[in-house]
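Q: Could you look at this predicted model? Sequence included:
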2 protein chains.
Amino acid sequence: MAEKRPEPIVAVGTIALDTVITPWGKAENVLGGSGMYFAVAASILAPVNLVGVVGGDFDHWEELNRPNLDLEGVATLPGKTFRWGGKYRENVNLRETLYTELGVTENYDLQVPESYRGCGMVCLANIDPPTQLKLLDSMRNPKFVVADTMNLWIKSDRENLLEVAGRCDVLILNDEEARQLTGKLNLVEALEEIQGLGSRTVVVKKGDHGAIAALGSELFAIPAYPLKKVVDPTGAGDSFVGGFAGYIQRAGSRSHAAMRTAVVYGSAMASFCCEDFSIRRIKDLSLAELEARVEFFRKLVHFD
Amino acid sequence: MAEKRPEPIVAVGTIALDTVITPWGKAENVLGGSGMYFAVAASILAPVNLVGVVGGDFDHWEELNRPNLDLEGVATLPGKTFRWGGKYRENVNLRETLYTELGVTENYDLQVPESYRGCGMVCLANIDPPTQLKLLDSMRNPKFVVADTMNLWIKSDRENLLEVAGRCDVLILNDEEARQLTGKLNLVEALEEIQGLGSRTVVVKKGDHGAIAALGSELFAIPAYPLKKVVDPTGAGDSFVGGFAGYIQRAGSRSHAAMRTAVVYGSAMASFCCEDFSIRRIKDLSLAELEARVEFFRKLVHFD
């Protein structure tokens, strides 16, 4: 990895106060949102300039005072921070949304600080596609764009989502979304079809089944980290994107080889995220811990 | 791999005439059964002495005249060969059994030819646990025992299945069965608990999500081969066991390193099996083709 400090990543995504109930416990009004998970995860590897919005009720500033995280792009508007409540069963793949309160995000008009606009690396964490496009349009010369999405936008705003897919270098989504987007049940076919939408690299997250990536005409796949206990899977996908993009930026390379390793960093980060509620596990995660888990993956898949 | 001809594997399992309907076509009264898939797959890598039973209506002898496959242990009884009919939907994980006709298997009293009884490597493909135990009891000095099972026996004959688990060196089952057997939803926990039943090595097949193995205190995991079209998944799990055991026998080693590679051979074999109906794809599969697919796996999971 490059020794000099990497350039910052400019990222947009939601910042939320989540209430999460799992079989292992409950966490109320804790930090959440795609942008938040992304930023905390990526900032372990590279500086992050976060763009987003919170309400006047947001009181987690101290927790976010950390190296590599710049919050100049986070607007505070009168009103309430976006709130989400969810409940997981023992099978964590089944989750129930208890409530969604849009709060200040309803009237949010994204503004990108002038100091951010020259950055080359742009990450569009999961948020409505028009907001993703607005960030992209605000950048002077985006050289490398990583985008995430979710099922909601595939259904409700396919047109803008396809524009995002056409303008990003790496599109990251989960297996269900890949199938929904393409209508292909077979994931290998779905990957190819998504590459045809414009992004040469497509990464599909499969939760506890790992991840598969199409890199040009190459495929890369990795199993998930064998976690014995998933305390809270909220944000695992966003943390994956953070680990992926953070590694790419830190490595200073966009080669297929770098992307492969980035998928492993994403997988490792996602596994840490699941070990506790909210950002609790990843916020104090050290680079050494992350690297040790990447080494675990190397042994996990090794065969002579 | 060892250059000299490996010792034979003695295997027991069902021999069936299957009728299979998938979205890609239909195959009627074709060769099937756990023992058949196992034997054809394993015989690409090592000699197989098969124990099983067919009825007077069985007319596939010519197709089974192949190097490395000894059928002295296959009894022909008056009556009908075991028959199974199944239908798959586009999502091949959903399958419907159309009929099961036990035929001659109902009154089958397993007999192991004297020439088989001295072999050290024993494979118990999926068949009722009492038959698996009977084969085991017929062997003079079984040195290495690999066993497969299925959900049916976990439910209907747990006691004998647990005896099989306690007497084998490697237990291979699928993810659903591992959960059913242990009551643990988390696969890592389930793996540990199954190791506690006696077999130091446990391999869990996850279909299109790959496989995970507990080897003593080590874990090994590998994604599935990214198949673009699954024509017929029948027998993929049995072929996996054949590829696994065949490799172990051919390599002449039972080290953890050999087991890891064996899981990859099993995965590669299972992927070939899915490419056509019945044993069509694996019966003419060359060792070179199999090894090339193992090399594909190596590239698939490689990262710097």
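A: Arrived safely, thanks for sending. Residues are numbered from 1 along each chain as shown, chains lettered A, B, ... in the order given.
Q: helix, strand or coil for A:D70?
A: strand (DSSP: H, G, I helix; E, B strand; the rest coil).
Q: Hmm, A:D70 is touching A:P47, no?
A: Yes. Using Cβ atoms under 8 Å, A:D70 is in contact with A:P47, at 6.8 Å. To be clear about C-beta, it is placed using only N, CA and C from the backbone, and glycine gets the same treatment.
Q: which of the two has more neighbours?
A: Neighbours per residue (other Cβ atoms under 10 Å in any protein chain shown) separate A:D70 from A:P47, with A:P47 holding more: 20 against 17.
Q: so what's the more buried one up against?
A: A:5-9, A:68-70 (Cβ atoms under 8 Å, 6 or more residues apart in numbering or on different chains).
Q: Separate out the buried members of those residues.
A: Using 16 or more other Cβ atoms under 10 Å in any protein chain shown as the burial test, these include A:6, A:8-9, A:68-70 as buried.
Q: From these, which shows the smallest pLDDT?
A: Least confident of the buried ones among the contacts of A:P47 in the model: A:P6, at 91.
Q: Got phi/psi on the residue in the stretch 51-200 of chain A that chain B sits nearest to?
A: Residue of the stretch 51-200 of chain A nearest chain B, by Cβ to the nearest Cβ: A:V188 (4.5 Å). Dihedral angles of A:V188 (phi, psi; degrees, to the nearest 10) stand at phi -70, psi -40.
Q: and if you look at A:I212?
A: According to degrees, to the nearest 10, A:I212 has phi -130, psi 140.
Q: Quick check: neighbours shared by A:D70 and A:P47?
A: By the contact definition Cβ under 8 Å, 6+ apart, A:D70 and A:P47 are jointly contacted by A:P8.
Q: which regions of the stretch 51-200 of chain A sit below the pLDDT cut-off?
A: Low-confidence segments of the stretch 51-200 of chain A (pLDDT under 70): none present.
Q: circling back: and of the contacts of A:P47, the nearest to A:N174?
A: Within the contacts of A:P47, the smallest distance to A:N174 is 21.5 Å, found for A:I9 (Cβ to Cβ).
Q: Farthest pair within the contacts of A:P47?
A: Pairwise distances across the contacts of A:P47 peak at 14.7 Å for A:E7 and A:L69 (criterion: Cβ to Cβ).
Q: Disregarding flanking residues, what is the spatial nearest neighbour of A:L64?
A: Distances taken as Cβ to Cβ, 6 or more residues apart in numbering or on different chains place A:L71 nearest to A:L64, at 6.3 Å, with adjacent residues excluded.
Q: thought the one you found was touching A:L50?
A: Yes. Between A:L71 and A:L50 a contact is recorded at 5.8 Å, counting by Cβ under 8 Å.
Q: Compare the two (neighbour count), which wins?
A: Higher neighbour count among A:L71 and A:L50: A:L50, with 28 against 19, using other Cβ under 10 Å.
Q: In contact with the more buried one, which residues are there?
A: Shown in contact with A:L50 (Cβ under 8 Å, 6+ apart): A:11-13, A:15, A:35, A:39, A:69-71, A:73-74.
Q: Mind telling me what element it is part of?
A: According to DSSP states H and E, A:L50 maps onto strand A:48-55.
Q: since we're on the nearest residue to A:P23 once chain neighbours are set aside, how many residues are nearby?
A: Computed as Cβ to Cβ, 6+ apart, the closest residue to A:P23 that is not its neighbour in sequence is A:E90, at 5.1 Å. By other Cβ under 10 Å, 11 other residues sit near A:E90.
Q: The strand holding A:L50 pairs with which strands?
A: strand A:9-12 (parallel), strand A:69-77 (parallel) (DSSP bridges).
Q: that older thread, how about the buried ones among the contacts of A:P47 in CSV, adding distance to A:N29?
A: Supplementary listing: these in CSV, determined by distance: Cβ to Cβ, whole Å:
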residue, distance to A:N29
A:P6, 33
A:P8, 29
A:I9, 27
A:N68, 25
A:L69, 20
A:D70, 24
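Q: Longest helix in chain A, by number of residues?
A: Looking across chain A with DSSP state H, the single longest helix is helix A:256-273.
Q: Just checking that one against chain B, any contact.
A: Yes. Contact check for helix A:256-273 against chain B, using Cβ under 8 Å from any Cβ of the partner chain: residues in range are A:257, A:260-261, A:263-264.
Q: quick one on the thing from earlier: and the residue of the stretch 51-200 of chain A closest to chain B, how close does it get to A:Q195?
A: A:V188 is 11 Å from A:Q195, where distance means Cβ to Cβ, to the nearest Å.
Q: May I have the residues that are in contact with A:V202?
A: With contact set as Cβ under 8 Å, 6+ apart, A:V202 has these partners: A:170-173, A:178, A:191, A:194-195, A:213-214.
Q: Now, the residues you listed that are in strands?
A: Under the assignment DSSP state E, the contacts of A:V202 contribute A:170-173, A:213-214 to strands.
Q: can you redo those as CSV with distance to chain B?
A: Converted to CSV, these look like this (distance: Cβ to the nearest Cβ, whole Å):
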residue, distance to chain B
A:V170, 16
A:L171, 18
A:I172, 17
A:L173, 17
A:A213, 10
A:A214, 9
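Q: Quick one: those residues as JSON lines, columns for neighbour count too.
A: Listed next are these as JSON lines, based on neighbours: other Cβ atoms under 10 Å in any protein chain shown:
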{"residue": "A:V170", "neighbour count": "24"}
{"residue": "A:L171", "neighbour count": "30"}
{"residue": "A:I172", "neighbour count": "30"}
{"residue": "A:L173", "neighbour count": "27"}
{"residue": "A:A213", "neighbour count": "24"}
{"residue": "A:A214", "neighbour count": "23"}
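Q: closest to A:D284 among the residues you listed?
A: A:I172 (24.8 Å).
Q: wait, that closest one sits on A:K206?
A: No. Using Cβ under 8 Å as the test, A:I172 is too far from A:K206 to be in contact (11.9 Å).
Q: ok, which residues in the stretch 1-150 of chain A are in contact with chain B?
A: Contact residues, the stretch 1-150 of chain A versus chain B (Cβ under 8 Å from any Cβ): A:90-91.
Q: Mind jotting down where the helices sit in the stretch 1-150 of chain A?
A: Counting by DSSP state H, counting those that start in this stretch, the stretch 1-150 of chain A has helices at residues A:34-42, A:129-138.
Q: could you dump these to TSV with mean neighbour count and distance to A:V294?
A: Formatted as TSV, these follow (neighbours: other Cβ atoms under 10 Å in any protein chain shown; distance: least, Cβ to Cβ, whole Å):
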stretch	mean neighbour count	distance to A:V294
helix A:34-42	31	14
helix A:129-138	20	28
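Q: Among the ones you listed, which comes closest to B:S271?
A: Closest to B:S271 of the helices of the stretch 1-150 of chain A is helix A:34-42 (Cβ to Cβ; 33.6 Å).
Q: Next, the angle strand A:48-55 makes with the closest one.
A: Inter-element angle recorded for helix A:34-42 and strand A:48-55: 150 degrees (by axes from the mean of the first three to the mean of the last three Cα atoms, to 10 degrees).
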